[in-house]
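Colleague: quick one, structure for this:
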Amino acid sequence: MVALIPTDAEDPALLREALVRALDGGPALGFGMLGDAPDRVSRGTAVVIATSGSSGIPKRVALSGEALRASAEATAARIGSGRWLLALPAGYVAGLQVVVRSIVAGTQPVALDGRFSPMSFAEATLSMGRPSRAAEDLYTSLVPAQLATLLDASGDRAVLAALRAYRAILVGGQALPQPLRERADALGVRLVRTYGSTETSGGCVYDGIPLDSVGVRAVAGELRIAGPMLADGYLGDGELTARMFSHDEHGIRWYHTGDLGLVDEGVVRVHGRADNVIVSGGINISLDRVEGIVRRIPGLTSAVVVGVDDERWGEASVIVAPRGEALRRSESDQLAHARDLVAEELGRHARPVRLVMVDRLDVLSSGKPDREAIRRAVAELR
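Modeller: Residues are numbered from 1 along each chain as shown. Alright, predicted model coming up:
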């Protein structure tokens, strides 16, 4: 057993030092730990990340040093190695892996000065590329909402120069809307779309292709992942661990993602969460698929689609989007456009019943939409 030390991950330099020790045998670091957390964990555990996700169900994911290093090394093999900007909370796996990748590369991560903003991003990037420093490739990791904010500010020369300075900007945490990718491509910004979770030590599929040593397959429509970067399981919850991780007939250990998808000639295609489904008029509707279609519409690229009770259909979907570009068209026009597209691709039964515009979307500290809070707010409006 090794000690588990709670950490707030505020100072990236101190975090890097503590993480080096954790990767080399301990003590382990606990992120988001509450008062009932144990003070010791199994030997080999490097970090425990407490995550509630958008569903609000708490989990404590135990990751070994071997798993974290395997993930970082596989990333370096795919996209290269260099200096990393920490633009996400280090208490979440995407931010934590920025620090781990820096350790593997032998570099120091650079953190933003204060809250995330286009200017803080540009200034931090500039500090990484000053002529006095040795020439190194630059990398960072963002969520789509951050990328959208930066693209909206790309008319500022400093922000655009910062975006273009990176050899690769990893974008994950949720689906990357195609319009955002197209805008980035047009500006010469190099994006890498990632797929993974805390249970896989972060992204392990890049632009649809699994990293080296990663296996992905679909079983009854659900994606499962194998590889050396898998978590040991859930701290103190053997039942959940047994349900989410299994061994096949060859002894290979697989993580059950809960995501629907397929593997088509080696390319992983994610269709959405298996549990993010409503039954409307007796027909199952994937809210993720509806959301993917809606997000292709200009002005709705950051929209979230949630399910609410409906007197007529039992359940129905509602689009929730931040105000902005959508003001250039009436809300009724935007909703009509969305309903037409959804009907064309999924059928009339899947059409959203309402569009709700808000000043800002509720988000988790990880930057992901807080879907449960958004759903509750919409339910109160109806």
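Colleague: how close does R183 get to L163?
Modeller: 11 Å (CB to CB, to the nearest Å). For the C-beta atoms, the positions are set from N, CA and C on the backbone; glycine is no exception.
Colleague: more crowded one of the two?
Modeller: L163 (25 against 17; other CB atoms under 10 Å).
Colleague: pretty sure that one sits against L150.
Modeller: Yes - here L163 reaches L150: they are 5.9 Å apart, a contact under CB atoms under 8 Å.
Colleague: residues touching A303, list them.
Modeller: Going by CB atoms under 8 Å, 6 or more residues apart in numbering, A303 touches 291, 294-295, 319-321.
Colleague: tabulate those residues (a markdown table), appending neighbour count.
Modeller: Output for these, formatted as a markdown table (neighbours: other CB atoms under 10 Å):
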| residue | neighbour count |
| --- | --- |
| E291 | 25 |
| V294 | 26 |
| R295 | 23 |
| I319 | 28 |
| V320 | 25 |
| A321 | 25 |
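Colleague: just the ones of those residues in strands?
Modeller: Under the assignment DSSP state E, the contacts of A303 contribute 319-321 to strands.
Colleague: just the contacts of A303 now: which is nearest H247?
Modeller: Taking CB to CB as the measure, H247 lies nearest E291 of the contacts of A303, at 33.8 Å.
Colleague: show me the contacts for that closest one.
Modeller: 175, 272, 303-305.
Colleague: swap in Q178?
Modeller: So Q178 contacts 295-296 (CB under 8 Å, 6+ apart).
Colleague: tell me how far it lies from R193.
Modeller: For Q178, the distance to R193 - CB to CB - is 10 Å.
Colleague: correct me, but D275 touches D259?
Modeller: No - if you go by CB under 8 Å, D275 and D259 don't touch, sitting 9.6 Å apart.
Colleague: give me the more crowded residue out of these two.
Modeller: Shown here are D275 and D259; by other CB under 10 Å, D259 has more neighbours (22 against 10).
Colleague: and for that one, nearest residue in space, chain neighbours not counted?
Modeller: If the residues on either side of it in the chain are set aside, D259 comes closest to L223, at 4.8 Å by CB to CB, 6 or more residues apart in numbering.
Colleague: the one you found - how many residues pack around it?
Modeller: Count around L223 with other CB under 10 Å applied: 25.
Colleague: can you pull the contacts of it?
Modeller: 216-217, 257, 259-261, 263, 268, 270.
Colleague: hang on, the earlier thing: in a markdown table: the contacts of E291, plus distance to G251, pLDDT and secondary structure.
Modeller: As requested, these are exported to a markdown table (distance: CB to CB, whole Å; pLDDT from 0 to 100; DSSP: H, G, I helix; E, B strand; the rest coil):
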| residue | distance to G251 | pLDDT | secondary structure |
| --- | --- | --- | --- |
| A175 | 33 | 79 | coil |
| G272 | 30 | 83 | strand |
| A303 | 43 | 93 | coil |
| V304 | 40 | 94 | strand |
| V305 | 40 | 95 | strand |
